Each structure stands twice: as structure tokens, then as C-alpha cells.
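Asks: kindly generate the corresponding structure for this input.
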Amino acid sequence: MTVRIGIAVRGIVQGVGFRPFVYGAARARGLVGWVRNDPAGVRIEIQGHGPGVRDFIDALRREAPAAAKVENVEVVELAPSDDLEFRIVDSDAGGAAEPCLPADLAICEACAREIDAARERRFRYPFTNCTHCGPRYSIIEALPYDRPSTSMRAFALCERCREEYGDPTNRRFHAQPIACPECGPRLRLLDTRGAVELEGDAALAAAAARIRSGSIVAVKGLGGFHLVADATDATVIGRLRQRKRRDEKPFAVMFPAIAAIRRACVVSENEAALLASPAAPIVLLRRRVEPSALAIDAIAPRNPDLGVLLPYTPLHHLLLAEVGRPVVCTSGNLSDEPLVVDVGDALRRLDGVADAFLDHDRPIVRPLDDSVARVVAGRPMLLRRARGFAPLPLALPAPVPCLLAVGGHLKCTVALARSRQVVASQHLGDLGSFEGTALLERTVTDLVGFFAAAPEAVACDLHPEYASTRLAERLAAAWKVPLVRVQHHHAHVAAVVAEHALRGPVLGLAWDGAGLGTDGVLWGGEALVVEGDRYRRVAHLRPFRLPGGERAMREPRRAALGMLFEIFGERALERMGSAFEIAEQQPLLAMLAREVNAPATTSIGRLFDAVAALAGIRARASFEGQAAMECEFAARRAGSQDAYPLLLTGADPWIADWEPMLHRLLRDRAEGVSAELVAARFHGALVALAEQIATRTGVGQIVLSGGCFQNAVLATRVIERLESRGFAVHVPERYPPNDGGLALGQIWVAAHHWNKEEHRVSRHSG
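Replies: Numbers count the residues shown, from 1 in each chain. Got it, this is the predicted structure:
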């Protein structure tokens with residue numbers, strides 16, 4: 001019996017070869033009908049004998065392309081028609097767009113072989129792609145995802161590309177960014193004034209030669225410019241650090257192949273899978289102790305880990321082959337500024353940084369930095385969510401109103417929720433510069449405009465001085481919608497709840513640098529029982545003061561002085577040795593004594609800083625989190641040790657009192673105990689604290705979030721300890737534990753706040 005059905009498929013089904021897959025699946029089963037993109041996903045009408053139609057529906061999930069993610073399949077019965085074949089028809093541009101944008105995909109094996117084969121017409125062509133790989137989010141301007149809606153519309157297809165595009169047997173069948181040397185984008189090498197020196201393959205060869213000879217070349221990639229330099233040359237890396245104003249923060253290294261990475265680093269099965277995935281992020285690996293050709297002390301000073309990645313575009317693939325050695329591949333910007341995406345901006349902002357510019361004429365619609373990931377306790381954890389992951393949507397368990405969230409101040413992202421999905425933007429970076437704030441506003445405009453969204457509320461952090469908060473206030477006033485202010489650590493925990501679709505109360509350990517609390521204190525060592533838009537603060541770190549406020553973030557010695565002052569008063573400096581110049585001492589003591597420019601904090605991140613300073617690990621930091629990182633590395637070298645006492649006192653909330661730990665630490669240092677042993681005992685104290693809080697609270701679901709859980713030693717040991725006690729432990733995996741996850745958490749809290757009956761009543765009555 002002939003049947004005809006209509007199918008609506010929602011999820012990541014555009015830009016991933018889904019329509020060609022549907023075409024092949026229908027033809028293989030002798031079915032007729034059509035498939036097309038629409039703003040919400042893919043729509044299909046299929047007709048044929050019942051068993052073939054049923055098998056086709058099952059195949060939509062079972063056999064979908066690897067980069068696709070089918071969230072929902074809706075089926076309706078239709079009257080049979082007179083179709084004679086199965087076709088891909090023109091997209092439907094009507095209707096509201098849903099958050100189903102595809103992410104950019106790393107070069108596939110077939111395209112990599114093609115550009116290396118002299119007989120192929122795309123031999124050495126740096127913009128080769130197919131339905132399985134290539135640019136997506138970085139070039140798309142509107143849905144549905146068709147070439148006229150991308151920045152590739154300026155490149156008219158040549159006859160041979162048009163044939164491939166229309167050939168159902170070709171892997172470029174309906175590949176929207178399809179291009180070749182005849183009709184596609186081209187490379188050009190520019191000098192520092194912007195004058196064109198060479199074009200095409202000659203430009204690539206010359207850029208590689210410059211890198212080999214010690215130049216720093218700004219290379220326009222998929223989502224912006226990279227600064228590329230020889231990773232075996234300590235002198236050129238030192239020059240890059242000086243020019244980029246990046247004193248000690250590690251650089252990422254791009255290797256030509258996984259085999260080369262294995263020679264420099266220890267690579268587990270899970271880490272290898274991350275490196276070779278279509279997202280192709282930077283992955284943090286344990287570097288080998290054996291000597292290597294890398295200038296490792298210049299690349300990652302005092303760091304046993306190395307951030308590595310594989311070439312993820314044809315351009316990078318060809319460039320690495322031409323250079324013939326690993327390269328430093330770091331974001332094209334000055335420290336604390338956003339990524340540079342167009343050549344005019346690059347010539348201005350990277351003036352004096354790059355010696356040459358390898359540019360191309362494919363416009364980048366939105367900046368996309370490289371994603372960063374690591375494996376923690378066998379689980380992947382994203383530390384920076386950008387290329388390859390953004391803007392893949394998160395399915396929600398229930399519909400939500402249209403909501404916008406603007407994140408925090410550091411590692412900012414924004415998020416938009418509609419119906420049953422939320423889409424988070426790519427990593428935008430910090431908002432301390434004019435360029436950072438401007439990028440935030442452009443991204444909000446882009447996201448809201450892309451989906452033609454009309455947010456019914458805007459969510460932000462409690463901190464009134466964040467650039468994101470000020471933007472949220474302006475938007476809420478302009479749109480005449482409610483503003484939902486979400487406490488920083490509540491958002492941290494809620495983000496993990498949303499990611500894992502957890503139900504019921506959870507105990508969230510939100511340990512990070514700092515976020516404004518409801519009492520005006522800078523929180524950061526919090527234990528919150530969270531359910532929906534409500535939380536109860538059940539425990540926190542004993543507060544101490546930070547003389548100089550924000551300066552303490554870059555000077556761990558100030559956090560140490562604040563802790564010592566809490567116990568020893570004016571005699572605190574006696575235990576700091578020569579950490580402070582004589583001229584500094586009295587002003588700092590005055591700040592603490594008068595409680596002026598010395599905010600109180602409960603931050604575990606600042607506790608890490610204080611311990612690092614007192615242990616002799618680091619008194620001043622050149623980048624955020626450096627002292628905590630080096631404390632982690634020291635603990636790793638020592639292995640598991642007995643723990644310092646860090647016990648809960650009081651009640652409602654319990655206070656984690658660090659004073660006994662401080663006395664033990666000071667005694668250890670006076671007795672000559674090594675910094676490694678001190679760091680290991682401190683990590684042990686935090687693991688024991690997590691166990692105490694979980695046991696006393698008795699909530700079975702535990703969430704770990706906040707920047708401190710980027711620490712693999714801490715996170716792994718806490719997970720193992722709590723799971724051994726029978727707790728279900730959830731950590732961020734697809735969204736960062738740091739402030740890059742705040743926007744998702746703000747959406748989750750705002751959605752629950754919105755759906756409460758009393759909120760709806762008050763809103764309508766107003």
C-alpha cells in the first residue's frame with residue numbers, strides 16, 4: 001500500500017550534509033517525494049510502500065551524518081501525490097528561525113587527500129571543502145543555510161563546481177561553501193603597510209618561508225587571524241611575547257599530525273578522539289619529559305602541560321606541510337583584546353606585532369576563536385567554547401519564553417533561548433577594553449537579529465559595574481521587558497543543571513575567582529543547594545580581605561597578606577618575608593585596618609593565590625589564574641598526601657575555616673617543607689572539604705562548577721572521592737566551568753523565574 005507522510009526534522013540538520021543524506025536514503029529505498037531546508041530545520045515529504053517508509057524514518061536517526069544531531073522528528077500523514085522521483089527542492093525562507101545553526105567543521109580525510117594529490121583539480125587549494133567539512137557559522141548570515149545566505153555568495157560557481165553541487169553522487173552535493181581555484185577565494189601575502197606582495201600558492205609558500213626564517217606571520221583562518229611562528233625557535237617566541245604583551249601565558253602549538261603530537265605529549269584515547277573530532281579544539285595534554293625540538297620553556301614556561309591542536313582547515317594543513325615543523329598558533333590580538341577578523345583591522349591592531357599578513361578574500365561574518373578542552377576524570381571538559389562547538393544548541397526539557405542572557409565580565413558569552421532550545425554564542429573574551437565591549441554589543445545584535453527574536457526578559461549578573469550588566473539594563477529599558485539579575489554562583493551551578501537536564505535539588509560547589517554575592521561580599525567558595533530559580537547558601541569559605549581590590553588578582557601576595565592580617569593583625573607582614581617593599585607596607589596595612597579598598601571575599605580562587613604565595617610558588621602573576629595553575633602543577637608533582645585541616649564550623653551556613661590550615665602551612669614552611677608538599681596538602685584539604693559538605697547536606701546530586709574546577713588534580717580527586725561515597729557527580733562538559741558558562745545558567749534561572757505563577761501574575765498586573 002502506498003503511503004505519503006510529511007516529516008519535520010529539528011536539530012543540527014543544516015550545513016552537515018543532511019539533505020544529501022536524505023536524498024540517498026530515499027533513493028535507496030525506492031521512495032519518491034522531496035526534501036528542503038526551512039528556517040526551523042529540514043522538511044521532508046516521502047511516499048512509497050509502508051515498510052520502506054517506516055525504515056526511512058528510522059534511518060533519519062540511525063544513519064544521519066556524523067556532524068548532524070537530530071533532536072526531534074515529527075510525522076504527519078498526507079494524501080499520496082503523483083511524484084515520480086525524489087528531489088532536493090529550493091529552501092523555504094519563510095517563518096521564524098530556530099536555534100539550529102551548524103558549527104564549523106574541520107577538514108575531512110577526503111578533502112585532505114584531495115589537496116595533497118597532484119592529479120586533483122583542487123591540489124593545494126586552501127579553501128577546499130565538502131558536505132562533511134568546512135566553514136559554517138563563520139560564514140552564515142541568515143537561515144535557511146543556503147549559499148545566497150552566506151559570505152560565499154560573492155563567489156559565483158564555475159561550471160565544474162556547479163556540476164558537483166548538483167550531482168547526488170558527489171560528496172559536494174549541495175555543499176554551500178563549495179569552491180575551487182577557478183571560482184573560489186584566493187590567498188594574498190601583504191606587507192605591514194597592506195601592499196600585496198604575492199597571490200595564490202606563491203603567497204602560501206612565501207608565508208611558510210618567512211615563518212621558517214623567524215618571522216611572525218598573521219594568518220587569516222576560519223574565524224579570524226592567528227599569529228603564527230616557528231615553535232622550535234625560542235628567540236622568535238620571545239619576540240612574539242614582547243610584541244603581543246603576553247609575558248608568560250602559554251601558547252598553543254599546531255602539529256602537522258597526531259604522530260608528531262605523540263612524540264611531544266602523552267595522549268590518551270579520549271584526548272586523541274578530541275583532537276581528531278570535527279570540532280578539532282586545542283587540547284591540553286601532559287607533555288613528555290624527554291627532550292624535544294620544541295622551544296618548550298619559551299612556549300609554556302614552568303608548565304608541564306601543552307595546548308596542542310591539529311590543522312583544521314586546508315590552509316593550515318598546507319601551511320604546516322610547507323613549514324615542515326610545529327608552529328605556535330595563537331589568537332591574532334593583543335592580550336585582553338578580541339580576535340581580529342578583517343585585514344584592515346589586522347593592519348591597524350597588529351601593527352608592530354606581525355611581520356607579514358597572509359590574507360584571503362572570503363569574508364568572516366563573526367569572529368571564532370579556537371575552542372580549548374581537556375579530559376578530566378575520563379570526561380571531556382570545554383574550557384573555551386568557540387569554533388567547532390558554537391553555536392550548537394542545547395535542547396531544553398520544556399518550552400521557555402524568548403530570553404536573552406548576557407553573561408559576566410570575563411570569558412564572556414551571551415545566550416538566547418526560544419521554545420525548547422538555547423543557543424550560546426562563541427567565546428567573546430574579556431570586557432575590559434573598548435573593543436571587547438563593542439564585540440559584546442555586536443554579538444547580541446547578531447544573535448537577536450539572526451533569529452528575528454523578541455526577548456521577553458533579559459538576564460544578567462548581579463554586579464552593577466560589569467559592561468554586560470550595563471548593556472542588559474539598557475536593552476531591558478529599550479525593549480520594555482523585565483531584567484532578571486542572577487547571582488554569579490547560582491548561574492554557575494544552573495549551567496550544569498541545564499546541560500545535564502537534572503531534576504530536583506542539587507548541591508552545587510561553585511568555586512571560582514570572585515562573583516558578587518547578595519551581601520556585597522565577593523563570593524567564590526560557595527556550596528549552594530539549587531532548585532530552579534531558588535538557592536540556599538549552605539556553606540562558604542571564611543572571608544578575608546584583598547588589599548588593593550582587583551590588583552590582588554595579579555598579585556597573590558596581597559591575598560596572602562589579607563589572610564594573615566585576619567589572624568595576626570599588624571604583625572602579618574612579619575610572616576611575609578621580603579614579599580613587599582618598605583614603601584608598600586604601611587599603605588597596605590592601612591587598607592586592611594580601615595577596610596578601605598580591601599573588599600572581603602570568600603573566594604577559593606583567591607585562597608589558591610594566597611597558598612601559592614605563602615608556599616613560595618608565585619607572589620605576582622602575569623595572567624589570570626597563573627598562581628592557581630602553578631599550585632596545581634606543584635601538587636601533581638607531589639602526588640596524594642595527607643590533608644591540611646579545613647573544617648566546617650558554625651551553622652546556616654557552615655563556614656569553612658582556613659585558620660587551622662594556615663597555621664599548619666606556616667609551620668611547614670618554617671620547617672622547610674617543600675612547596676610541592678604544601679600544594680598537595682592544600683589540594684587534599686579542598687577534597688576533604690567537598691566531602692564534608694556533601695555528607696552533611698545529604699543531597700545525592702552534586703554539581704561542580706566555577707573556574708577552580710578547571711584544575712584537573714582538584715576536579716579528578718573530588719569526583720573520585722564523592723563518587724566513592726555514592727554521590728552522583730556532574731561536571732560541565734559541553735559548556736565551560738568558568739564564566740563562559742554563566743549565560744547558559746542565567747537563561748536557566750530566568751526561565752524558571754518567568755514560569756512561576758506569581759511572576760506571571762505580577763507582570764500582567766503591572
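Asks: where does the stretch 1-150 of the chain have low pLDDT?
Replies: Flagging of the stretch 1-150 of the chain using pLDDT under 70 yields the residue ranges 93-100.
Asks: list the contacts for residue 605?
Replies: Contacts for residue 605 (C-beta atoms under 8 Å, 6 or more residues apart in numbering) come out as 511, 512, 513, 514, 524, 625, 628, 706, 707, 708. Where C-beta positions appear, they are placed from N, C-alpha and C, glycine not excepted.
Asks: most neighbours among the residues you listed, which one is it?
Replies: When neighbours are taken as other C-beta atoms under 10 Å, the top entry among those is residue 511 (32 neighbours).
Asks: contacts only, for that residue.
Replies: Residue 511 makes contact with 524, 525, 526, 604, 605, 686, 704, 706, 707, 708, 709, according to C-beta under 8 Å, 6+ apart.
Asks: least confident secondary structure element in the chain?
Replies: Between all helices and strands in the chain, the lowest mean by mean pLDDT, DSSP states H and E belongs to helix 757-765, at a mean of 40.
Asks: inside helices: which ones of the contacts of residue 511?
Replies: When DSSP state H defines the helices, the subset of the contacts of residue 511 inside them is 604, 605, 686.
Asks: pick the one among the residues you listed closest to residue 355.
Replies: Distance ranking of the ones in helices among the contacts of residue 511 against residue 355, using C-beta to C-beta, places residue 605 first at 37.7 Å.
Asks: from residue 510, how far out is that closest one?
Replies: Using C-beta to C-beta, to the nearest Å, we find residue 605 at a distance of 11 Å from residue 510.
Asks: quickly list what's touching both of these two.
Replies: Taking C-beta under 8 Å, 6+ apart as the contact rule, residue 605 and residue 510 both touch 524, 706.
Asks: can you map out the strands along the stretch 51-200 of the chain?
Replies: Under the criterion DSSP state E, counting those that start in this stretch, strands of the stretch 51-200 of the chain are mapped to 69-78, 86-88, 187-190, 196-199.
Asks: got the buried residues for the following helix or strand past the last one?
Replies: Per DSSP states H and E, strand 196-199 leads on to helix 200-212 as the next helix or strand towards the C-terminus. By neighbour count, and taking 16 or more other C-beta atoms under 10 Å as the criterion, the buried residues in helix 200-212 are 201, 203, 204, 205, 206, 207, 208, 210, 211, 212.
Asks: now do stretch 717-725
Replies: Residues of stretch 717-725 classed as buried: 717, 718, 719, 721, 722 (neighbour count, 16+ other C-beta under 10 Å).
Asks: helix or strand: which one has the second one?
Replies: For residue 718, the element it lies in under DSSP H and E is helix 712-724.
Asks: ok, residue 84 touching residue 32?
Replies: Yes. The criterion here is C-beta atoms under 8 Å, and residue 84 meets it with residue 32 at 6.4 Å.
Asks: who has more neighbours out of these two?
Replies: Neighbour count, other C-beta under 10 Å: between residue 84 and residue 32, residue 32 has more, with 20 against 7.
Asks: got phi/psi on that one?
Replies: When read as degrees, to the nearest 10, the backbone of residue 32 gives phi -120, psi 170.
Asks: so for it, what's the nearest residue that isn't a sequence neighbour?
Replies: Spatial nearest neighbour of residue 32, excluding adjacent residues (C-beta to C-beta, 6 or more residues apart in numbering): residue 83 at 4.1 Å.
Asks: and that neighbour, what does it touch?
Replies: 32, 33, 34, 47.
Asks: now with 7 Å?
Replies: If you count contacts by C-beta atoms under 7 Å, 6 or more residues apart in numbering, residue 83 has them with 32, 33, 47.
Asks: now those in JSON lines, with distance to residue 192?
Replies: Below are the contacts of residue 83 laid out as JSON lines (distance: C-beta to C-beta, whole Å):
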{"residue": "32", "distance to residue 192": "60"}
{"residue": "33", "distance to residue 192": "57"}
{"residue": "47", "distance to residue 192": "62"}
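Asks: and which of the residues you listed is nearest residue 574?
Replies: Once C-beta to C-beta is applied, the member of the contacts of residue 83 that ends up nearest residue 574 is residue 33, at 82.9 Å.
Asks: what is the helix or strand containing that closest one packed up against?
Replies: Using DSSP H and E, residue 33 falls within strand 32-38. When contacts are defined as 3 or more C-beta pairs under 7 Å, 6 or more residues apart in numbering; DSSP states H and E, strand 32-38 sits against helix 18-28, strand 41-49, strand 86-88.
Asks: nearest to residue 324, of those?
Replies: For residue 324, the closest of these is helix 18-28, at 36.7 Å, according to C-beta to C-beta.
Asks: quick revisit: closest one to residue 229 among the helices and strands packed on strand 32-38?
Replies: Nearest of the helices and strands packed on strand 32-38 to residue 229, taken as C-beta to C-beta: helix 18-28 at 39.4 Å.
Asks: which residues does residue 320 contact?
Replies: 254, 256, 311, 327.
Asks: now do the same for the second one: helix, strand or coil?
Replies: If I follow you right, that is residue 256. Under DSSP: H, G, I helix; E, B strand; the rest coil, residue 256 falls in the coil class.
Asks: reformat the helices and strands packed on strand 32-38 as TSV; add distance to residue 645 and mean neighbour count.
Replies: Below are those laid out as TSV (distance: least, C-beta to C-beta, whole Å; neighbours: other C-beta atoms under 10 Å):
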stretch	distance to residue 645	mean neighbour count
helix 18-28	57	21
strand 41-49	56	22
strand 86-88	68	19
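Asks: remind me which residues of this protein are low pLDDT?
Replies: For the chain, the stretches flagged by pLDDT under 70 are 93-100, 756-766.
Asks: how many residues are close by residue 199?
Replies: Per other C-beta under 10 Å, the neighbour tally for residue 199 reads 12.
Asks: pick the one among the contacts of residue 605 closest to residue 596.
Replies: Relative to residue 596, the closest of the contacts of residue 605 is residue 514; by C-beta to C-beta it sits at 18.3 Å.
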